[in-house]
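# Predicted model and sequence below, questions to follow.
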Amino acid sequence: MGTLSSEQLDGLRADLHSHDFLRRLTREIDYLQRVVFHAADKVEWKHARDVAEQILIAEIFSRHRGEIDGIYGALRESERSGLSWTAAIQNLAAYLHSYYTTPLGIVLRRELFGDAVVFLSPEAIKWVQQTAAAS
């Protein structure tokens with residue numbers, strides 16, 4: 001996979017800020033982080049929005065070859081299967097949050113964002129540093 005170039009990152013970040021469905025997904029991922037990690041010690045909440053953006057960018061880049069249309073298509077497919085637009089966003093956000101906060105998702109994010117990767121939990125930072133040192 002490899003690290004995202006600054007041009008790719010800037011373009012995807014601009015997409016997140018200029019499309020309503022991506023802004024809504026980012027907010028929902030941010031919300032889920034706050035719900036899931038609310039009782040965790042030493043969480044760095046100032047990074048919550050950045051983490052949410054990185055999760056969504058990782059999905060767009062890794063599964064949709066950098067094309068936001070893949071995310072839009074997934075939401076529309078959920079809608080065609082009977083979910084409301086809001087429920088489709090909530091379901092996709094839950095899936096993305098769950099996937100990219102697992103050890104594999106953490107490693108993938110570290111690979112994509114390199115030294116610019118952000119995590120909420122000091123434990124995740126420590127874990128990534130340990131796995132990088134071991135390899």
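All right, it came through fine.
# Straight-line length of stretch 41-57, end to end?
End-to-end span of stretch 41-57 (CA to CA, to the nearest Å): 27 Å.
# so which strand or helix has the spatially most central residue of the chain?
The centre of the chain sits closest to I55, judged by CA atoms, centre = their mean, with a distance of 1.0 Å. Using DSSP states H and E, I55 maps to helix 48-64.
# Outside of that helix itself, list whatever touches it.
Contacts to helix 48-64, defined as CB atoms under 8 Å, 6 or more residues apart in numbering, come from residues 1, 4, 8-9, 12-13, 15-16, 22, 25-27, 29-30, 33-34, 66-68, 70-71, 96-97, 99-101, 105, 108-109, 112-113, 117-120. Backbone N, C-alpha and C define where each C-beta goes, glycine included.
# Please point out which parts of that helix sit buried.
Judged by neighbour count using 16 or more other CB atoms under 10 Å, the buried positions of helix 48-64 are 48, 50-62.
# Same list, those residues, but as JSON lines with pLDDT please.
Putting those into JSON lines (pLDDT from 0 to 100) gives the following:
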{"residue": "A48", "pLDDT": "89"}
{"residue": "D50", "pLDDT": "94"}
{"residue": "V51", "pLDDT": "94"}
{"residue": "A52", "pLDDT": "96"}
{"residue": "E53", "pLDDT": "97"}
{"residue": "Q54", "pLDDT": "96"}
{"residue": "I55", "pLDDT": "96"}
{"residue": "L56", "pLDDT": "97"}
{"residue": "I57", "pLDDT": "97"}
{"residue": "A58", "pLDDT": "96"}
{"residue": "E59", "pLDDT": "96"}
{"residue": "I60", "pLDDT": "96"}
{"residue": "F61", "pLDDT": "93"}
{"residue": "S62", "pLDDT": "91"}
